[in-house]
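Q: Below is the sequence, then the predicted model.
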Amino acid sequence: MPDRTQVVIVGGGVIAASIAYHLTKLGWRDVVLLERRQLTAGTTWHGAGLITSAGMATETLVWMARHTRDLCVSLESETGQATGFRPICHLHLASTPQRMETLRREAAFVRGHGVDNQELPPAEFGRLIGRDALLAARTSSAPKRRLIQVLVEDPEPILYGGEPVLRDGRWLGSVRAGAYGHTLGGAVGLEMLEDEAGLPREAVDGVRFEIDVAGTRYPARASIRPVYDPDRLRIKS
């Protein structure tokens, strides 16, 4: 760690990393980025790979989305570091006439700034590439990766991200993002579990896990669905 520096950037998410990158591209050489745990382990991880111009209501936001996409295309050749970027499309579905009108206005706006945005009739949707693979994956064996939530049973520890997640003493992943659920009475974390043997619902939902927080293992309850009462039963009661 240097004693002095021209710029200190706090946080290792995509915004901080982008600031450091663009400053060095402008010729700044005395730049330090600080991250308390692992790069991109916080909020950035939630939207990893999500580059879209959808919902961008200003010319500046559309420009930033296009610049980000172009940058991801060129980064590998520039740095020699593979990014895994795949230029694919995404879909927005309208279930009401009002939503359809909104999407058409958004499409017209971004097309005016050079973004390819097309409206597909329902018949075309059924023939999109990837549909058969998606249906096959849903009917095949249990997935090897699952995104779950855990609620720590002890009210004392706080999850920040990076804590190991164990089941029966075996490591299955780590906390990607954590917060404290005051209405739930404990820390809540998002985890991506990985197991080559498969992760069927019954092996995850409601099963007891352990979270290693600073060397101490705390029991935690896992759930595939959000643990914050998504059906609003507590609010309605």
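A: Ah, there it is. Quantities reported herein were computed from a predicted structural model and do not represent experimental measurements. Numbering: from 1, shown residues only.
Q: roughly how far apart are Glu163 and Glu210?
A: Separation of Glu163 from Glu210 (CB to CB, to the nearest Å): 10 Å. For every residue, glycine as well, the C-beta is placed using N, CA and C.
Q: Between the two, which is the more surrounded one?
A: More crowded of Glu163 and Glu210, by other CB atoms under 10 Å: Glu163, with 25 against 19.
Q: Hmm, Gly173 and the more buried one touching each other?
A: No - Glu163 sits out of contact with Gly173 when judged by CB atoms under 8 Å, with a separation of 10.0 Å.
Q: Mind listing what's buried along the longest strand along the chain?
A: Counting residues, the longest strand found in the chain (DSSP state E) is strand 170-181. For strand 170-181, burial by neighbour count (16 or more other CB atoms under 10 Å) applies to Leu172, Gly173, Ser174, Val175, Arg176, Ala177, Gly178, Gly181.
Q: avg pLDDT for that strand?
A: Mean pLDDT, strand 170-181: 89.
Q: Packing partners of that strand?
A: helix 43-46, strand 164-167, strand 186-194 (3 or more CB pairs under 8 Å, 6 or more residues apart in numbering; DSSP states H and E).
Q: Grab the CA positions of stretch 111-129 and hand them over as CSV.
A: Extracted C-alpha coordinates of stretch 111-129, given in CSV (Å, rounded to 0.1, in the frame of the first residue of the first chain):
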residue,chain,number,x,y,z
ARG,A,111,-33.4,3.4,-32.3
GLY,A,112,-32.9,7.1,-32.8
HIS,A,113,-29.5,6.7,-31.1
GLY,A,114,-28.4,3.7,-33.1
VAL,A,115,-29.6,0.8,-30.9
ASP,A,116,-31.2,-2.1,-32.7
ASN,A,117,-34.6,-2.7,-31.2
GLN,A,118,-37.2,-4.7,-33.0
GLU,A,119,-40.8,-5.7,-32.2
LEU,A,120,-41.6,-9.4,-32.6
PRO,A,121,-45.1,-10.8,-33.1
PRO,A,122,-46.0,-13.8,-30.8
ALA,A,123,-45.6,-16.3,-33.6
GLU,A,124,-41.9,-15.3,-33.9
PHE,A,125,-41.3,-15.6,-30.2
GLY,A,126,-41.9,-19.4,-30.3
ARG,A,127,-39.2,-19.9,-32.9
LEU,A,128,-36.4,-18.0,-31.1
ILE,A,129,-33.0,-19.7,-30.8
